[in-house]
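Visitor: Give me a 3D structure for the following:
(3 chains)
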Amino acid sequence: MSEETRKLTGFTRREVLASGAAAGAMAAGLSIAPGIARAAPKKGGTLRLGIGHGSTTDTHDPATWTDLYMQVVGNASYNYLTEVSNSGELVPELAQSWDVSPDAKVWTFKLRKGVEFHNGKTLDSGDVIASINHHLGEDSKSAAKAILDPIAEVKADGKDTVVFTMKTGNADFPFILSDYHIGIMPAKDGKLIDPMSGVGCGGYTIENFEPGVRTTLKRNPNYWKTDRAHFDSAEVLSITDVTARTNALTTGEVDAMDKVDLKTAHLLARSKKVRLEEVSGTQHFTFAMRTDTAPFDNNHVRLALKYALDREALVKTILLGHGVVGNDHPIGRSNQYHADDLPQHAYDPDKAKFHLKKAGLSSLKVDLSAADAAFAGAVDAAVLYKEHAAKAGIDINVVREPNDGYWSNVWLKKPFCAVYWGGRPTEDWMFSTAYAEGVPWNDTFWKHDRFNELLVAARGELDSSKRRGMYFEMQKIVNEEGGVIIPMFANYVMGLSNKVAHDKMGANWAMDGFRAIERWWFA
Amino acid sequence: MAQIWKHLKSAPPTAIFGLLVIVVYTFVAFAAPILAPYGEYEIVGSQFELWGEGFILGTDHLGRDMLTRLIYGARNTIGIAFITTCLAFLIGGILGLLATTLGGWVDMLLGRMVDVLMAIPILIFALLILTITGTSQPVLIVVIAVLDSTRVFRLARAVSMNIVVLDFVEAAKLRGEGTWWIITREILPNSLAPLIAEFGLRFCFVFLFISALSFLGLGIQPPTADWGSMVRETATLIAYEDITPLLPAGAIALLTVGVNFVVDWFLHKTSGIRDDK
Amino acid sequence: MAKILKMVTQRLALGLLTLFVVSMIIFLGVELLPGDFAQEILGQSATPETVAAFRRELGLDLPWYTRYLDWLGGVMQGDFGKSLASRRDVSELIGTRLLNTLFLAAVAAVISVPIALALGVLAALYRNTIFDRTINVFTLTSISFPDFFVAYILILFLSVKVNIFPSISNVSSDLGFWEHVYRVILPALTLTLVIVAHMMRMTRASIINLLASPYIEMAMLKGISRSRIVTHHALPNALAPIINVIVINLAFLVVGVVVVEVVFVYPGLGQLLVDSVSKRDIPVVQASCLIFAATFILLNLTADVLSILTNPRLLHPK
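Guide: Have a look, this model is predicted:
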C-alpha cells in the first residue's frame, strides 16, 4: 500500500472504492503489529479502565461530550459511519462504502446490512439521518453542530443508502463522520428514540451508568464485528486525581489508565507489572494571542513573542520529553500534508528584541492567563515562558486563572492565554475549526484573506498534489503571521497492566483512538 | 524584661523547643533574601536534580532550587497565614465581644449571619468567591480571614458570655464606662486564654486551607513559593517513596507543633493549676 | 424539659430561616460565577448558537429571580427539581450519594471518637509525661499534613507496599455491609488522622482545666485515685466542651471531605457538589448545599441540647 493511500485523506473515485473494500486494509494493519501484539486475541475477562476525567453531569448524549471519559464509554457502546483505524487511515464502519461526485459536493454512503442496535432494531437510513439531524437545526445543542455545518441536505435513498449534499465541495467529509459526537442511534418516525439511553450498535451494552463514578459494560452478543470486542465486560472508572489513578494501576485495581503523570512516569515504568505506552499524534498545546487586541494586533509583537520562547526547554521540562516542539501551526507530523521543510522557530532573544524594535517598542509587558484546566502543566509552562522572555526584554506576568470556568471565562476572552487542542485528523478540519475567519473557535480572532481563500479552494480540491501545495502555504502563513504560539505537540502517555495486550495503538486520540475496550484483549 | 526571662527559665523543654522553632522560622522569613542561595523564581538547573553540592536539597520540577523555594516559602506562607489569622481574630474577636456586650438585636443579627456563613461548606464557599473574584493575594487573605472569623466569633462569644454576667462587668456598666472600655479592659483580658489557644491551631489551619485550595486549582498565584502548594506539586512523588513532599509538609508540621507547644505552656500558666507531679 | 423543647422548636424555626438564606446566597453565588450551565457543559466546544439553544430548552434565558422563585415554589412542595445535566430527579441523584457520605462519616466517627476520648483522658492523666508529649507531637503532626497527603501516605503503606486495603474505594450498592466497610477503611483512617488531634486536645484541655477546681482538690485530699478522679469527677463535668468539639468534627466528616472523596474515588456528596458547581447544575448544587447546611444546623442543635442535659446548671438557669 502506498504512503499516499495509507493516510487517505483526499479521495479520487478509485481510492474511495478501494477503501470501501475496507476490512482488507485493516487486516494488513493487524499483521504488521510488533511484539506481544502478535498473539491471536483471547476472549474473555473484564477490562477495568481508570480515566482521569468524568463528571457527575455526564450523559450518554454524544452531542455534549467533551472529555475522554464519555468518549471511551461511547466508542464502546456506539458505532459510527466511518472509523479512523489504528494506523491512521479512514475505514468504513457502519457505512460499507461511499462514493463522491466530481465536485466533491454529493456524498453517497451505502450502509452495512443486518446490523442490530442493542434494543433489537435493525439499522437503516432513517436512524442515520435522525442521528445526523440530532446535531443540526436551530435547536441543536451539539458540540458537533459547527463541523456538520457544511451539510446542505441529508436524505435517504432507500433503506440502505444515505446521500449528503454539501454547501461547497468537501473532500474530507467522510473523516468528519468519524467524529466521536456522531454516534449512530436508533430512531423512530424520523426522530431519535432517546439520545440519553446509551443504546447504539457498538460492541458493548451499557449495564450500569453512575455519572462521574463508573460505567459497567457487557459484551453485545449480536455484535457484527467478529474480530473485535474481546472482553466479556468492562468497567470504566472516573479517577480524576492522578496519584489515585497511578496507585489504582500499581495495586491492580484497574488494568489501564490514561494521562500518566509525566513527572513520575520514569518511576512508574520501573514497576514489573505495569508498562508505559505512548503515541504521538495531533494533540498540541498553544498560547493564543488575540490579534484584534493591542499589542497583539502588531505582527512584530507576535513574532517577538514567538522568538522569546525556548520550546526545547518546554518539551523537556513540561512534557519530560514525551512530545515534540511545535512550529506555530497546528498541523502535526503525522498529518498527511505536514510542511516538513518549514524553518523551525527557535529561541532567539536577539531576534525577539529586533522585532520589538520594529514594532516601535523597547520593552513589552503582557499578562498571560493559564490554568491547569487548559492542559496539565500549563501554569508551569507559563512560568518558564516568563523566565525565557525576560531575556528578550519582555515581561510576562503569569496569571493563574481558576480551573473552574476556564473555557467560558478565559478562553476566547483574555487576550493571551494557554489552550489545549486535541488536534484533528485532517488539515481542513483543523484549520476550519480554529483558524478560518469568523468561526466560533478562532481563539486568536485572526483574519487573513489569502489563508481563507486557500482554505476553501483546498477543501474542494480532489487532486492530492495541488492540495499539498495549498496546505503548505497555509502552514507558512500561520507560522509567520498567525496569532498562535504552538510550543509543543504532546504524546498521549498511558499506563497499562502487563496483562493487557493490543495491536498497534491508534494515535488519533488517547486510549487507542478511544477504542481501547473494543480493540484490546487480555494476554 | 527580667520577668520575661524568669518565665522563660521556668518554661518546660517543650515550650523552649516551640519558642526556638518560632524564632528560627521568623528569622528565616525575614532574612530570606540573604539566606537563600538563589532567587525565588530563578531556574538554576535541570529538573529534579538530586541532593548534593550546588543544590543542597536538589531542584524542583521546573529546575528551581528546592532550599531556596523552602526559605521563600517560609516568608510567604507564614506571612500570609499570620496576616490572615490576625485579621480573622480581629474581625471575629471584636464582633464576638461586641455581640455579648451589647446583646439584644446586635447579638441576634451577628449570630444569624455567622450561622449562615458556617452552614455553607467552607471549601465550596471559598470556591465560589475565589472563582468570582480571582485569587490575588489580598483577596485570598480577606476571603480566608472572613471565613475563619466565623469560627473565632463563636468562640469569643461563648467565652465572653460567661464573663459579661460577672459582677465586675456589671459594676463597670453602672459606672457608665463605654462599651469599648468594657471590652478592652474587662472582657478581653479575661477571655484571652482560650482565644490564644485557638490562635495556635487556626494559624496552622490556614496553611492547610491554602493547600486544599491548590488541590482545586485555586490558591496562591505562581511562581510565588508557598508550602501548601509545594506539597501539592510534589505529592505524587510520595507514591514512589520519594521524601521530597515531606520537606514542605514537615516544615508546616514542625511549626504547628512548635506553636502549639508554646500555646500549651501559656494555657498551663494561665489556668493556674499547680504542677503536682 | 419544657424549656428544652421550647429551645429546640425555636432553633428549628431559625434553622429554616438559615436554610432559606443559604439557598439564596448559593443561588446568587452560582449566578455570579462566570459562565452558565450551557457554556460549562459544552466547554471548549461551545458556540453561541448551541449555548443559546441550551438556554432556551432549560429556561436559563429567564431572569435569575424567576428561576429562583420557581425553584423555591417547587421546594415548598417537596420537589427539588431535576438535574440540568441528566434531567433526572435531584432526590434520586442525591440519595445514594448521601448514604455513601453518611456511611463513611459513621465509620470514621466510630473509629476516631473513642480513640480521641481515650487518648485525651490518658494524656490528661499522665500530663507532661513522655506519653503525653508523644501523643501531642504525633497528633499535631498528623493534622498539619494536608488531608490528601495523609491519604497518599496511608495508601503507600497499607495498599502499595503491603496490599491489605484497596487503594480506591470502589463501592456499589450491591456490596455486603462488611465488604463496604472494608473498602472505606482507608478513607476512614485518613479522616481519623485528620480529626483526632482536635478532639483529643480539647478533651485533654477541658479535663486539665477542671483539675484546678476546688472540688477536685477536695477529692484529691480525700485520697481518691487520680484515674478515678479524672473519669468520675472531671470527665462528666468537662463533657460540654468535648461534645461541642466532637459535633463540630462530625459535621466536618459529613461536609468537608471533598478532597478525601476525590483521592479515594469515593462517590459521596462532596464530589457531586464540586462537579455540579463547576458545571453550574444549580438544582443539584442547591439540594446538596441545603443537605450540608441542615446537617450543620441539626448537629449544632444536638450539641447544645446535649451540653444542657449534661450540665444541670444550664438546665435550670437562675
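Visitor: can you count the residues close to residue A:209?
Guide: 20 (other CB atoms under 10 Å in any protein chain shown). Yep, even glycine has a C-beta here, placed from its N, CA and C like the rest.
Visitor: doesn't it fall inside a helix?
Guide: No. Read with DSSP: H, G, I helix; E, B strand; the rest coil, residue A:209 is strand and lies in no helix.
Visitor: quick one: pLDDT of residue C:311?
Guide: Turning to residue C:311, the model gives it a pLDDT of 67.
Visitor: ditto for residue C:64
Guide: Model confidence at residue C:64, given as pLDDT, is 85.
Visitor: and if you look at residue B:275?
Guide: 43.
Visitor: Ok, residue A:30 next?
Guide: Per-residue confidence (pLDDT) for residue A:30: 36.
Visitor: and the closest residue to residue B:234 other than its chain neighbours, how many neighbours?
Guide: The shortest distance from residue B:234 to any non-neighbouring residue, by CB to CB, 6 or more residues apart in numbering or on different chains, is to residue B:245 (4.2 Å). By other CB under 10 Å, 23 other residues sit near residue B:245.
Visitor: separation between residue B:245 and residue B:134?
Guide: Distance from residue B:245 to residue B:134, counting by CB to CB, to the nearest Å: 27 Å.
Visitor: Residue C:174 too?
Guide: The value you get for residue C:174 to residue B:134, if CB to CB is used, is 45 Å.
Visitor: Neighbour count for those two, which is higher?
Guide: A side-by-side neighbour count of residue C:174 and residue B:134, using other CB under 10 Å, places residue B:134 first with 15 against 7.
Visitor: The lengthiest helix in chain B - what's its average pLDDT?
Guide: Longest helix of chain B, by residue count under DSSP state H: helix B:66-102. The pLDDT scores in helix B:66-102 average 89.
Visitor: packing partners for that helix?
Guide: helix B:13-30, helix B:32-35, helix B:104-119, helix B:137-164, helix B:179-181, helix B:188-215, helix B:227-234, helix B:246-271 (3 or more CB pairs under 8 Å, 6 or more residues apart in numbering or on different chains; DSSP states H and E).
Visitor: if you set the cut-off to 6 Å instead, what comes out?
Guide: With contacts defined as 3 or more CB pairs under 6 Å, 6 or more residues apart in numbering or on different chains; DSSP states H and E, helix B:66-102 has these neighbours: helix B:13-30, helix B:32-35, helix B:104-119, helix B:137-164, helix B:188-215.
Visitor: Does chain A have contacts with the fourth one?
Guide: No. Counting by CB under 6 Å from any CB of the partner chain, chain A is not contacted by helix B:137-164; separation bottoms out at 11.4 Å.
Visitor: so which strand or helix has residue 266?
Guide: This is for chain A. Counting by DSSP states H and E, the element that carries residue A:266 is helix A:265-268.
Visitor: try chain C instead
Guide: Using DSSP H and E, no helix or strand contains residue C:266.
Visitor: Dihedrals phi and psi, the closest residue to it other than its chain neighbours?
Guide: Nearest non-adjacent residue to residue C:266, counting by CB to CB, 6+ apart: residue C:169, 4.3 Å away. The phi and psi values for residue C:169, taken as degrees, to the nearest 10, are phi -90, psi 70.
Visitor: hang on, the earlier thing: in contact with the residue nearest to residue B:234: list those residues for me.
Guide: B:231, B:234-235, B:237-238 (CB atoms under 6 Å, 6 or more residues apart in numbering or on different chains).
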